[in-house]
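K.L.:
can you look at this prediction? I've put the sequence above it.
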Amino acid sequence: MYILLYFVPNLALGCNITIITPKPIVKHTALFNFTLHSMPLSIKDIQAPIASQMDAFEQKFRHSMKSNVMLLDQIMNYIVRRKGKQVRPMFVFLTAGVCGPIGEPTYRGAALIELLHTATLVHDDVVDDSNYRRSFFSINALWKNKIAVLVGDYLLSRGLLLSINNGDFELLRIVSNAVREMSEGELMQMEKARRLDITEEVYFEIIRQKTASLISSCCAVGAASVNATPDEIEKMKDFGEKVGLAFQIKDDLFDFGEAEVGKPLGIDIKEKKMTLPLIHALKNASWLEKRRIINIIKNQSDKPQKVAEVIQFVRQSGGIEYATKAMQQLVAQAEAILQTFPESTYRTSLSGLVQFTVARDK
């Protein structure tokens, strides 16, 4: 074995990155074999232009969650402690930085999104009877459904009051529309899951509402919080929507992967969710094969061996490659929108955050 050095142009950052790899090169699975636009930045690198704002936001957000009711305050502290990578606030602050000077409305906009989104997650766990959320016990698992529903209501009210008391009506309008669309997307997916008749067009509408609307609202709120022009707000909304669509396709691809990614293999199939790789594979299958696969999903998705058959069918039918290409196209479209804004460290980090969302391994 010997070492081969080669250079890959970093399109997002405008520089070259040296990659060292052994030869012969190890063959990768189709899931991760997509074109490399740039080496993804780490979360720490991405946060660099907004590091102080993110630290300040964490303190402000903790304060906005406080309650005089001891039980409620205990639950709020638990919610704050189990925070993830804080991708949503990062989208808000970076888009705000791209469009203008970050101020107090930006902090309130990021808090509004976190409060309302956390409320929907708490309620989702009750609906799904889920005991875990990102390796932590869910609120309903620790404090039961009745308390969890009330906690979700409390978070929703705090978000509404935060905006109303400060006159942030445009930010509230943007986020409220996103919550409405997320609910509609979930219900549409449930409706279609019963018939398993989702077309590619319907699939994209579902994930646009269910997932992309949230990231889209993060970007629109960031722009609106710094008094960007209506055209700039609309462009950021469109940018966020494309990133959100790519994010969901990436998540769907994990269902057919071979790596441990924190998401159980075949979980979408078991839950009878029609994702892009599967939709494309079925579209190009013979009538007999399509009927066999749909029958498995409808009646035998609780059997691991049958789920494995569906996964193998999708892999062999070009579903992985097709979905990966669609994801790459969405990322390219998002990057094109971003390039219409002036160059800055915020724009560079926002581009890095886009790459992070599609290069993640969980």
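P.N.:
Here it is on my side, so go on.

K.L.:
right, and the helix or strand after whichever strand or helix holds Ile297?
P.N.:
According to DSSP states H and E, Ile297 maps onto helix 287-299. Counting by DSSP H and E, the element after helix 287-299 in chain order, helix or strand, is helix 304-316.

K.L.:
which elements pack onto that next one?
P.N.:
helix 267-270, helix 276-283, helix 287-299 (3 or more CB pairs under 8 Å, 6 or more residues apart in numbering; DSSP states H and E). (C-beta placed from N, C-alpha, C; glycine too.)

K.L.:
quick one: the second one to chain centroid distance?
P.N.:
Put plainly, it is helix 276-283. Offset of helix 276-283 from its chain centre (CA atoms, centre = their mean, to the nearest Å): 21 Å.

K.L.:
name the residues of that helix that are buried.
P.N.:
Leu276, Pro277, Leu278, Ile279, His280, Ala281, Leu282 (16 or more other CB atoms under 10 Å).

K.L.:
ok, now the shortest one?
P.N.:
Buried residues in helix 267-270, defined by neighbour count with 16+ other CB under 10 Å: Asp268, Ile269, Lys270.

K.L.:
ok, back up a step: pick out whichever of the buried residues of helix 276-283 sits closest to Gln305.
P.N.:
Leu278 (17.6 Å; CB to CB).

K.L.:
give me the neighbour count for the spatially closest residue to that closest one that is not a sequence neighbour.
P.N.:
Distance criterion CB to CB, 6 or more residues apart in numbering; nearest residue to Leu278, sequence neighbours excluded, is Val314 at 5.5 Å. Neighbour count for Val314, taken as other CB atoms under 10 Å: 25.

K.L.:
and Val314, how far from Gln305?
P.N.:
Val314 is 16 Å from Gln305, where distance means CB to CB, to the nearest Å.

K.L.:
quick revisit: any chance of the helices and strands packed on helix 304-316 in a markdown table, plus distance to Asn131 and mean pLDDT?
P.N.:
Below are the helices and strands packed on helix 304-316 laid out as a markdown table (distance: least, CB to CB, whole Å; pLDDT from 0 to 100):
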| stretch | distance to Asn131 | mean pLDDT |
| --- | --- | --- |
| helix 267-270 | 15 | 84 |
| helix 276-283 | 27 | 94 |
| helix 287-299 | 25 | 91 |
